[in-house]
Structures are given as structure tokens and as C-alpha cells.
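Peer 1: fold the following and give me the result.
(chains A and B)
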Amino acid sequence: MAAPVEHPEEHLPDKYKSWYWDRLVRVTAVFFVLWTVVAIWWHIPAPYAWRNVLLFGNMPLHWYLAAFISIWAGVLMIFVYHAIMSKVDDEFRARALEGWDELPEDVKMSLRLAGASPTGAQRP
Amino acid sequence: MRVHPEIKRVLIPSVLGYVAIILVLAALFGPRVASGWMVIGSILMYISIAYVARGTTAHAMYVAERRIPPVVNGAATAADWMSAASFLSMAGAIALLGYDGLPYIIGWTLGYTIHAFFIAPYVRKSHTWTVPDLVETRAGGYGPARVIAVIMLFITSLTYLTAQLVGAGVVFSRFLGIPAQVGVFGALFGMGIYAASGGWKSITWTQFAQYIVLIVAYLGAAFIVATLVGIWKPLPWFGYGELIQALQAREAQHGLTPWTTPFAKPLGGAAGQLNWILSALLLMLGTIGLPHILMRSYTTPTASAARLSVGWALFFIGLLYCTAPMYAAMARYAFSGLWGKPIAEVQAVPWVAKFLPTGLIKINDANGDGILQAEELTFHGDIVVIGMPDMWNLAWWIAPFVAVGGLAAALSTADGLLMVMVTGITRDIYHRFINPNVSEETEVRITRVLVMVLSVAASFLAFLAIQDPRFALYVALLVGWAFVFAAASFTPAVVLGTFWKRLNRYGIVWGMVAGMATALPYVLAVGVFQAPPLSLFGQPIGTIGWGCIAFAVNLVVSVVVSLVTQPEGPEVMRFVDRMRLPELARVPAVAGASQEGDQLGSR
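Peer 2: Here you go, the predicted model:
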């Protein structure tokens, strides 16, 4: 009888690992590009082109981008990224359980001990 | 959110008792004695929280039992992050530098966004205990990698801690009327006791309380002044545009460059757009490499909670950081109201009279006409926050309350720094190299003793910093450079360690050494010995912006050295997979083996 393992995800077949990692890299790359806009790119034209653009009661846009908008755009990005990645995490777990028959015995044993079964995913 | 029941039991009576004593002292002895109690009483309150939440195991001391909810961990991270520099000095820097001070705002916030993308969940999933532990494990158990990481950790953290104690000493001296040299030891008393009582577990709950204190103090004073100035349109953050326009009209009238003009003032020894962008970018890269911030990812229950906790941390930090430019505008507006008036009249203004003897405000009638010209009035950045209640003639208790907030900011950061250094000695050196078989009880005891020893050492350094203005200058500079050193050492190692399996032990070690070797000489030459800054694309690069170059050097050296040397073996590949993949399930029945990993480290 196979012994349970401490981190069953490490012992999954490569196709599950690759699926998850490809998704993660794709989502993270998109968010990273968005982050560069918020953190870097829009501050390049700002001091020249947007200095005389006034909003919210005469607030200069070049000032406001750095003093307010960037911060809250950054906060929003984290929460959206977290929501998307949580779904990807759940899908990863569901896929692993759907492919129960091809999982190594030690992984199955660990999952049984954790209360997970081939019929349904269990959120850790 | 589950709050420790004993904290509720202690916190509510403590707060009520604290306020009651303030009222009694104010009635019996007047505002001065009551102000003193406000400062001292806040520390006693933190100590009581720390005592109730104390931990007795290594698991509690080092990783707060990995059970801190994301919102609490986020608030604790925010308190850990926002130091005396953020609370007291950042608004001042913006008041003085205008647009050129804004890299501090975006640099010290947007790093958290990439922290959530590239760092936090992976650090948590590593199941290591400390940053040097993570570095060594990723380097295939290569001991020198851990030793170098500990050295980098000390370079980054010790000066930062010293500066926090200087900040705390200044707050003590202002509100208790004692010399700042003595005040630093008062800070030691609070910080050392609650860090020693329960390590990260005590510190986390205390930082949570400190965050609430500091943000209420910061926003409270700002909102009251915003009401007086009339910028609730509909919220003060949206409404201070007209204040800026009025300020700039006064500046134009007095022949000054408008405050929001880009690239008018030097930052880190150089001015220009490239330096502005690089400085902001470096502060972001440094943020995600600071050990006391990396450490906070270890205390959450899961990797997903670690990621979410970073979102809450930035939310809580953002509340203060987007208020700082408002403080700066309101203070600058108050100062501009003094321009063009007779000097005798200005000196009689109560808040000017209060701060003139402290040196925070200076008046120099250079042309001898008896009228205050704009350039004849200078002020220290710290007055922007600490002097705001006086500038706008607020109730007596608001000024000490702001000081209590500043003290909370200084102490919460000092705690985090203190614990990462102590952990660096006990866990990363003593437990790993000297006595691997040490019992948990002995290790906890050693940790407690070391907390006190390091507290005393850092307080002594802070004492020296206050005694000798030249030393103080270097400490202040080194705080900024801590970000340079963090970005030049830890950030590439942690990010590449997760995202590039080919990174090996030699790449990690030589990358960190090369990054530091690029950063340190430039920082010393330009920052300390006043050498002219180098130019990139025709624009000068200051010491902070230079950190981006050091970061890039670390990356390149890590990649090249890894490619020309042997890759790591299957054990490290499995470790990287563990960091990358979400928890498939919790396996309680493997507790013997499993919690071994969690309780006693990954090896």
C-alpha cells in the first residue's frame, strides 16, 4: 500500500502541472503588462501632455495619476488577479480529481486522507 | 474574521481605561500631562495585546502558527510597512519636492501589486520559515547561499531599524519633554517586550492594533483640516485641486516655480524624468525584496490567503499614501499664507512661535526689509504632519494623538525588522549551522533573549544617531538605500527562483554578490562622498534610481552563471513545483510527516 505524501500536488503527472503553470503564466503576464502601464508607462507622457488637463475640481491630471489613480488601480488589479487565480486554482483541483484513475497511488492515498474523493473536488 | 477572544477581553477595557485616564489627567493636571499619558499609555496597551496573544512555540514565534486571516495580515503588513518615514516624513518630502517627491508615493505602493503576482503565494507555498531558509532551499541546500542571505538581511534591516528608533525617540521627546537620546530607550522598552513575548504571533496582533491607531490618527487630523479648508467635494482626496490652484497662484505672485512642476527638484542627487521613473521603479523592486515584508507571507493559512492579504495590505497602505499629498498641499498652503507679511507679525503667529525654537521652521530676513519673502521661510519636512494640528489651531488632544500614530508607525516597523534579524540569527545560523538538534524550548528562550539584546544594540545605534548629526544623516540616507540593497539582492533571487527552474545555487549566490557590488560603491560614491552622478541617455541617475541597474546586473549574472554551471537536481525541481502549484488538499493524517515539514522547517 502506498504511503501518503506531504504535498500531493508535487507528485501529480506533468500534464496537470503544465496545464496549471501555463494558465498562471498567461494570466500573470497580462496583469504584469497592465501593471507596467499603471506603474510606468502612463507616467511618461503625464508630466508633459497631461499637466494642463484638469479634473475633479481643477486637479492637474499628471499630479493625480501619481498621487491617487495609480495606487487604487494597483489595489484593484490585485483583487481581480486574486479572483481569477482562485478560479484557476479550483479548476486545477477539479481536473486532478476528475483524472483520479491516472493519479499515482501515493497521491490518491493523500487525497483520501484529506477527505477528497474522485466524485467531487474538495477545497483545501 | 475571528479575533482572539482574549484580545477582545483585554482590548476593550484597555481602550476605555486609556481614554478615561486621559480625561481624568486633562481635568486634574491639564493638557501637558494628559498628552504624556496618551503616548505612554498607547505603549502599555500594545504590551497588553502582545501578552494576551503571546506564543510559546517556535511555530508561533517564527510564523505566527500560519493562522493569521488575510485582512488582519494585510493590516499588520501595512503597519509593518508604514514606518516613521511614511507617517511623519513622506508628506513633508512631497511638500518640499512637489511632483519630484511623488516617486515615493507610487514606488512604495505599486511594488505590492507585483508582490501579489510574483512573490507572496510562492513564498507561502515554499513551506520554509525565513527568507534565507527559502534562498538556501531553492539553492539545493547550499549553506553559503543562506549565509549570504543573512548578511544581506542584516545590511538591509539594521539601519532601517535604527532609523525607526530615531523616529520614535523624536516623538517621545516632543511629547514627553525628555531628550530624544533618552526617548529611544523608551521605544526599546515597548518594542522589546512585546516582540520577546511571542515573536511574530504577538507582533502580528499588535501591528493590527497599531495600524488602526495610526490610520485613525493620520486620517482624523487630515479630515478635520479638510473640513476647515472646505475640500470635501465630495471627498477630500478629490477636492484639493482648487487648493493647489490657489497655492500655485500665490507661488507665481512671489516668483516661485509652481509646486506641481515636474523635474524641478533633485531626487536622490539627480533630477530628470528618467531618474524619476527609475527611482519609482527601484522603490517598487526594493519593496518586494525587503525581508520583513517577505516574511509576512509566511503567517497566512494558505498561498491564496497570502495573495489576498497583499491586496488588503495595499488597500490599507493606500489610505495613508493617497492622503499624504493632501497633507502636503494643506501645509504648503498654510505656509504660503505667511508670505509677504511683516516678519514680526509672522513670528507672533502661535504655531510659528511654537516651532521656531525647535528649528523645524526657519526665518531669515536676507534682504533686511522686515517683510517675509517666500524664499526667506524654510521648514523641515516633519512639520507637515506633526505640526498640522497647530497650523490649523485644532483641539489640544489632536497633536498628541497624531504623535501616538507616528509612534505606532515607528514601533510596528521596528518590531518586524527586529524579528527578521533575530530569526536570521536563531533559525538561520544557530539552528541551521551551530546546533541543529536544539530543543524547541531552548530555541524559543534564545529568541527571547536575542530580541532584548538586539533591541538594546539598535537603541544604542539610534542613541548615537541622535548624538551625532553626521551619523544621523547617514542613517537617514541608508534607509532609502535599504531599498536599493533589497532590490539588488533578494528580489531577483526570489522571482527567478520561482519562475525559472534553471536558476541554480551559483547563479543565486553570484547574482546577489554582483548586485550588491554594483549598488554599494555607487551609493557610497554619490551618496556619501558627493561624487557627480553618472548619466544614462544624457540624464543623471541618482543613488535610488541606480538600484535598477544593480537589479538588472543581478538578473543577468544569475542567468549567465546558472547557464554555464550544473542545473539543480530533482529535489529542487520538486521544491519549485511545490512553490508553483496550489495546495491540492490538506492532508491531516500525514501530520507526523507533514507537520514535521511545517513545524521544524523544510529539511
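
Peer 1: relative to the whole chain's centre, how far out is the longest helix along chain B?
Peer 2: Scanning chain B for the longest helix, with DSSP state H as the assignment, gives helix B:180-229. Relative to its chain's centre, helix B:180-229 lies at 12 Å (CA atoms, centre = their mean, to the nearest Å).

Peer 1: now do whichever helix or strand comes after it: which elements does it pack against?
Peer 2: Next helix or strand after helix B:180-229 toward the C-terminus (DSSP states H and E): helix B:236-239. With contacts taken as 3 or more CB pairs under 8 Å, 6 or more residues apart in numbering or on different chains; DSSP states H and E, helix B:236-239 sits against helix B:180-229. In short, each C-beta sits where N, CA and C put it, glycine included.

Peer 1: just the pLDDT at residue B:576, thanks.
Peer 2: On pLDDT, residue B:576 comes in at 95.

Peer 1: quick one, what contacts it?
Peer 2: B:138, B:497-498, B:501 (CB atoms under 8 Å, 6 or more residues apart in numbering or on different chains).

Peer 1: ok, now with 6 Å
Peer 2: Going by CB atoms under 6 Å, 6 or more residues apart in numbering or on different chains, residue B:576 touches residue B:501.

Peer 1: can you name the residues of chain A that neighbour chain B?
Peer 2: A:4, A:6-10, A:21, A:28, A:31, A:35, A:39, A:47, A:56-60, A:63, A:66-68, A:70-71, A:74-75, A:77-79, A:82, A:86, A:89, A:110-111, A:113-114, A:116, A:124 (CB under 6 Å from any CB of the partner chain).

Peer 1: gap between stretch B:127-146 and the chain center?
Peer 2: 25 Å.

Peer 1: where does the prediction get shaky in chain B?
Peer 2: B:1-4, B:6-7, B:173-177, B:190, B:194-195, B:197-198, B:468-479, B:586-603 (pLDDT under 70).

Peer 1: so which of the residues of chain A next to chain B belong to helices?
Peer 2: Those of the residues of chain A next to chain B lying in helices (DSSP H): A:21, A:28, A:31, A:35, A:39, A:47, A:63, A:70-71, A:74-75, A:77-79, A:82, A:86, A:89, A:110-111, A:113.

Peer 1: tell me the spacing between residue B:257 and chain A.
Peer 2: As judged by CB to the nearest CB, to the nearest Å, residue B:257 and chain A stand 13 Å apart.

Peer 1: give me the distance between the residue lying closest to that residue once chain neighbours are set aside and chain A.
Peer 2: Nearest non-adjacent residue to residue B:257, counting by CB to CB, 6 or more residues apart in numbering or on different chains: residue B:264, 5.1 Å away. With the distance defined as CB to the nearest CB, residue B:264 ends up 11 Å from chain A.

Peer 1: returning to what we had before: and the residues of chain A next to chain B, which of them are buried?
Peer 2: A:4, A:6-10, A:21, A:28, A:31, A:35, A:39, A:47, A:56, A:59-60, A:63, A:66-68, A:70-71, A:74-75, A:77-79, A:82, A:89, A:110-111, A:113-114, A:116, A:124 (16 or more other CB atoms under 10 Å in any protein chain shown).

Peer 1: so how far is the lowest-mean-pLDDT helix or strand in chain A off the chain centroid?
Peer 2: Least confident helix or strand, chain A: helix A:105-113 with a mean of 84, by mean pLDDT, DSSP states H and E. Relative to the chain's own centre, helix A:105-113 is displaced by 26 Å; criterion: CA atoms, centre = their mean.

Peer 1: kindly format the C-alpha coordinates of it as PDB.
Peer 2: These are the backbone C-alpha positions of helix A:105-113, laid out as PDB (Å, rounded to 0.1, in the frame of the first residue of the first chain):
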ATOM      1  CA  GLU A 105      -1.300   5.800  -5.600                       C
ATOM      2  CA  ASP A 106       0.500   7.900  -3.000                       C
ATOM      3  CA  VAL A 107      -1.400  11.000  -4.300                       C
ATOM      4  CA  LYS A 108      -4.700   9.100  -4.100                       C
ATOM      5  CA  MET A 109      -3.900   7.900  -0.600                       C
ATOM      6  CA  SER A 110      -3.100  11.500   0.500                       C
ATOM      7  CA  LEU A 111      -6.300  12.800  -1.100                       C
ATOM      8  CA  ARG A 112      -8.400  10.100   0.600                       C
ATOM      9  CA  LEU A 113      -6.900  11.100   3.900                       C
END
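
Peer 1: same for it, what does it pack against?
Peer 2: Using 3 or more CB pairs under 6 Å, 6 or more residues apart in numbering or on different chains; DSSP states H and E as the contact test, no helix or strand touches helix A:105-113.

Peer 1: what do you get if the cut-off is 10 Å, keeping everything else the same?
Peer 2: helix A:70-98, helix B:591-600 (3 or more CB pairs under 10 Å, 6 or more residues apart in numbering or on different chains; DSSP states H and E).

Peer 1: mean confidence score for the first one?
Peer 2: To tie it back to what came earlier, the one meant is helix A:70-98. Computed over helix A:70-98, the average pLDDT equals 95.

Peer 1: and for stretch A:18-35, what are the contacting residues?
Peer 2: Under the criterion CB atoms under 10 Å, 6 or more residues apart in numbering or on different chains, residues A:9, A:12, A:14, A:39, A:41, A:73-74, A:77-78, A:80-81, A:84-85, A:87-89, A:91-93, A:95-96, B:110, B:113-114, B:116-118, B:121, B:284, B:499, B:577, B:580-582 lie in contact with stretch A:18-35.

Peer 1: buried only: go through these for me.
Peer 2: Among the contacts of stretch A:18-35, those that count as buried by neighbour count (16+ other CB under 10 Å) are A:9, A:12, A:39, A:73-74, A:77-78, A:81, A:85, A:89, A:92-93, A:96, B:110, B:113-114, B:116-118, B:121, B:284, B:499, B:577, B:580-582.
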